[in-house]
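> I'd like to go over a predicted model; first the sequence, then the structure.
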Amino acid sequence: MLRQSFILLSKSDLARRFVTHAPFASAAARRFVAGETMDDASSAARELNRAGMTVTMDYLGESVNDRAEATAAADQYLEIIDRMVADQIDGNVSLKLTQMGQDIDEDFLRDNVSRILERAARHHMFVRFDMESSDYVQRTIDFADRVRADGFTNTGIVLQSMLRRTEADTLWANERGMRVRLCKGAYAEPESVAYPDKKDVDASFMRCTRLLLEHGAYAGIATHDEKIIQATKRFALDRGISPDRFEFQLLYGIRRDLQRQLVDEGWRVRVYIGFGTAWYPYFMRRLAERPANVLFIARQLVRG
């Protein structure tokens with residue numbers, strides 16, 4: 001119930017206006033969002049690099065229906081790539097296709113994203129297409145397939161184990177040699193397309209993890225669930241799968257102790273760094289994912 005409430009609030013304009021103007025909100029959000037500027041994100045990324053982790057940079061934003069705004073978001077990604085190269089940041093970028101104009105026009109979307117992919121390819125940088133709600137899954141997969149056919153092989157997608165279709169999508173990605181970040185999912189979905197029970201989401205996650213590790217391209221196992229992380233490590237060790245064949249991916253500001261532990265054990269770790277002024281939906285989904293995040297915000301309220 002709490003999870004669903006935060007997911008619904010992430011879509012509410014009234015709640016967004018209240019939270020983004022609340023005195024505590026910016027300080028609380030900084031637990032999960034690196035900041036609003038590229039300077040903030042670069043500083044966070046370089047600190048993580050020094051700790052032995054790679055990063056993926058996400059300029060937060062989604063559901064853009066204005067051409068000028070979508071073009072500006074694409075321009076921002078060009079600046080991010082250039083800045084990462086200049087600052088010698090070990091990382092890649094992640095973006096949402098709805099931020100690039102997916103709901104405006106397909107040709108416009110392709111033009112925007114192609115500019116980013118060309119700049120990234122020039123610097124041997126990978127670009128991940130984030131996955132959004134189930135309404136966008138097939139459209140995102142189809143788009144990723146088309147740009148790869150255009151020669152942009154520096155791309156990959158995200159799949160969500162909460163969706164019933166994801167095992168089949170994992171097999172499809174493996175056949176294409178497409179890199180996948182596997183996560184549980186953070187959107188409100190009907191039972192017709194998503195598993196309602198956590199145990200089924202977790203079982204789906206492990207089925208897809210095994211498929212990715214044994215038969216897929218370089219995989220990102222994106223979870224903070226220690227039981228799943230331990231099961232993934234056991235599976236890799238039992239099957240002789242080298243730690244350089246995949247990586248664990250964790251979110252900025254969440255389970256920093258776990259991030260360090262995995263690095264110390266010799267596993268590859270990438271941290272997902274979100275930044276920018278459009279942080280509200282991302283922030284609310286982080287609260288939806290873990291009750292501990294809600295407790296953190298409550299402490300901020302008590303402190304005043």
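Nice, thanks for sending it over.
> list the buried residues for the longest helix anywhere in the chain?
When the chain is parsed with DSSP state H, its longest helix is helix 67-86. Across helix 67-86, burial judged by 16 or more other Cβ atoms under 10 Å covers Ala70, Thr71, Ala73, Ala74, Gln76, Tyr77, Ile80, Ile81, Arg83, Met84. (C-beta placed from N, C-alpha, C; glycine too.)
> avg pLDDT for the helix or strand that it is followed by?
Once the chain leaves helix 67-86, the next helix or strand it forms, by DSSP states H and E, is strand 91-96. In this model, strand 91-96 has a mean pLDDT of 98.
> send the alpha carbons of strand 91-96 over as PDB?
Output of strand 91-96 as PDB, limited to C-alpha atoms (Å, rounded to 0.1, in the frame of the first residue of the first chain):
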ATOM      1  CA  GLY A  91      31.200   5.900 -16.800                       C
ATOM      2  CA  ASN A  92      28.400   6.000 -19.300                       C
ATOM      3  CA  VAL A  93      25.000   7.700 -19.600                       C
ATOM      4  CA  SER A  94      21.400   6.600 -19.200                       C
ATOM      5  CA  LEU A  95      18.400   8.400 -20.700                       C
ATOM      6  CA  LYS A  96      14.600   8.100 -20.900                       C
END
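> given it, what are its sheet partners and their directions?
strand 54-59 (parallel), strand 127-130 (parallel) (DSSP bridges).
> buried ones in stretch 174-193?
Neighbour counts using 16+ other Cβ under 10 Å place 174, 176, 178-189 of stretch 174-193 among the buried residues.
> before we move on, what about stretch 258-266?
Residues Gln259, Leu262, Val263 are the ones in stretch 258-266 that count as buried (16+ other Cβ under 10 Å).
> stretch 251-259 too?
Neighbour-count burial for stretch 251-259, counted by 16+ other Cβ under 10 Å, picks out Leu251, Tyr252, Gly253, Ile254, Arg255, Gln259.
> ditto for stretch 35-46
So, applying 16+ other Cβ under 10 Å, buried residues of stretch 35-46: Gly35, Glu36, Met38, Asp40, Ala41, Ser42, Ala44, Ala45, Arg46.
> now swap in stretch 192-206 and tell me
Buried, per 16+ other Cβ under 10 Å, within stretch 192-206: Ala194, Tyr195, Val201, Asp202, Ser204, Phe205, Met206.
> filter these down to just the ones in helices.
Within the buried residues of stretch 192-206, residues falling in helices by DSSP H are Val201, Asp202, Ser204, Phe205, Met206.
> how near is Gly177 to Asp130?
Noted for Gly177: a distance of 20 Å to Asp130, by Cβ to Cβ, to the nearest Å.
> I misspoke; the intended subject was Met162.
The spacing between Met162 and Asp130, counted by Cβ to Cβ, is 15 Å.
> rewinding a little: out of the buried residues of stretch 35-46, who's nearest Ile116?
In terms of Cβ to Cβ, no member of the buried residues of stretch 35-46 lies closer to Ile116 than Met38, at 15.1 Å.
> picking that back up, turn the buried residues of stretch 35-46 into CSV, including distance to Met125.
Below are the buried residues of stretch 35-46 laid out as CSV (distance: Cβ to Cβ, whole Å):
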residue, distance to Met125
Gly35, 21
Glu36, 23
Met38, 15
Asp40, 20
Ala41, 15
Ser42, 15
Ala44, 18
Ala45, 13
Arg46, 16
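> need the residues you listed in CSV (columns: distance to Asp90 and secondary structure).
Putting the buried residues of stretch 35-46 into CSV (distance: Cβ to Cβ, whole Å; DSSP: H, G, I helix; E, B strand; the rest coil) gives the following:
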residue, distance to Asp90, secondary structure
Gly35, 19, coil
Glu36, 23, coil
Met38, 16, helix
Asp40, 18, helix
Ala41, 14, helix
Ser42, 12, helix
Ala44, 13, helix
Ala45, 8, helix
Arg46, 9, helix
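> nice, that's everything, thank you.
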